[in-house]
Structure formats: structure tokens, C-alpha cells
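Asks: With the input below, show me the fold.
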Amino acid sequence: MLYLDTSAFLKLIVDEAHSPDLRRALSGLTPWSSVLLDVEAHRAGRRLGLDAWDVAEALDAVSLISPSESTFATARTLGPDTLRTLDALHLATALELGADLEAVVAYDRRLAQGCDETDIAVVTPGRTERWWRS
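Replies: Numbering: from 1, shown residues only. Down below sits the predicted model:
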């Protein structure tokens, strides 16, 4: 299973650097994410002037997981001190996939660093390997 964060999801609905690479990498796959993605994607869509129906349609291709109380408890202490709140919640939610989690797909430096610190593989199609370390 691949866990998709908001920085990656937005590349699926907005043409940005690495969007074609990401679309190819996810072709035929159903990524997973937290229900937080729904709010983050719609808020970003409003800022970017995207149609809410287009955002909702793209979200239909993602399996969304509701964070549990234990997810929030894990997020409180997970990763480096620089990890932001929503990124910590995404990382904690990804961990709930357990052994089925193959990697987190993220283009956010802090989240990638948090994954790295917790020994979770990070996939960023189109970027150099371990770019977040530079």
C-alpha cells in the first residue's frame, strides 16, 4: 500500500513539477490517505480556484482512513520536532497500515524527514532519491 500525503495529491489535480511522473507511478493503483486529505485538498482547491467537484472526484480514487484516538496519541511524539501537526497526523495514520505500508508518497520536506526518521520509505516520483536530506 502507498500512503499519499497532500503535497502529492495536489500534484494529481494541478499540473506542477513532477505531476506526470507521479501520475505514471500511481497508474492503476489505489493510494491510501487520512480523511485529513479531504479537508486539506478542498482548502487548497479553494485557494487555487479549482472546482470542488473536480477535487471530490479526484479524492474518490483514494481510500481514506479515519484517524483513531491512538493515531492522535502517536502523532503527539512522532518524528522530529520540526514535523508540523498535520504532517505528524499523516505519518501516524500511515503507520496504522502496518506491514502493508510500502511507502509514503510525499513532496513535503518535513514529512519526508519524519518518515526517514521513523524508517518509513518515501517515494517521490521525479525527484532525486533522498532529496530531503540536502
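Asks: start to end distance for stretch 102-116?
Replies: Using CA to CA, to the nearest Å, the end-to-end distance of stretch 102-116 comes to 13 Å.
Asks: Correction: the previous question concerned stretch 26-43.
Replies: Termini of stretch 26-43 sit 23 Å apart (CA to CA).
Asks: Residues touching it, excluding its own?
Replies: 1-6, 9-10, 12-13, 52, 55-56, 58-59, 61-67, 86, 89-90, 93-94, 97, 105 (CB atoms under 8 Å, 6 or more residues apart in numbering). All C-beta spots, glycine's among them, are computed from the backbone N, C-alpha and C.
Asks: The same query, at a cut-off of 7 Å, please.
Replies: For stretch 26-43, the surrounding residues in contact (CB atoms under 7 Å, 6 or more residues apart in numbering) are 1-6, 9, 52, 55, 59, 61-67, 86, 89-90, 93, 97, 105.
Asks: which stretches of the chain aren't confidently modelled?
Replies: By pLDDT under 70, the chain contains no weakly predicted segment.
Asks: same thing but at 90, please
Replies: Applying pLDDT under 90 to the chain flags residues 17, 79, 126-134.
Asks: residue ranges of the helices in it, please?
Replies: 6-13, 19-26, 36-48, 52-59, 69-77, 85-95, 109-117 (DSSP state H).
Asks: Please tabulate these in TSV, including the columns mean neighbour count.
Replies: Shown next, in TSV, are the helices of the chain (neighbours: other CB atoms under 10 Å):
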stretch	mean neighbour count
helix 6-13	23
helix 19-26	16
helix 36-48	16
helix 52-59	14
helix 69-77	13
helix 85-95	23
helix 109-117	21
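Asks: among those helices, which is nearest residue 132?
Replies: helix 109-117 (3.8 Å; CB to CB).
Asks: now the angle from that closest one to helix 6-13?
Replies: For helix 109-117 against helix 6-13, the angle by axes from the mean of the first three to the mean of the last three CA atoms, to 10 degrees is 120 degrees.
Asks: Would you mind pulling up the elements that helix 109-117 packs against?
Replies: Under the contact criterion of 3 or more CB pairs under 7 Å, 6 or more residues apart in numbering; DSSP states H and E, helix 109-117 touches helix 85-95, strand 122-123.
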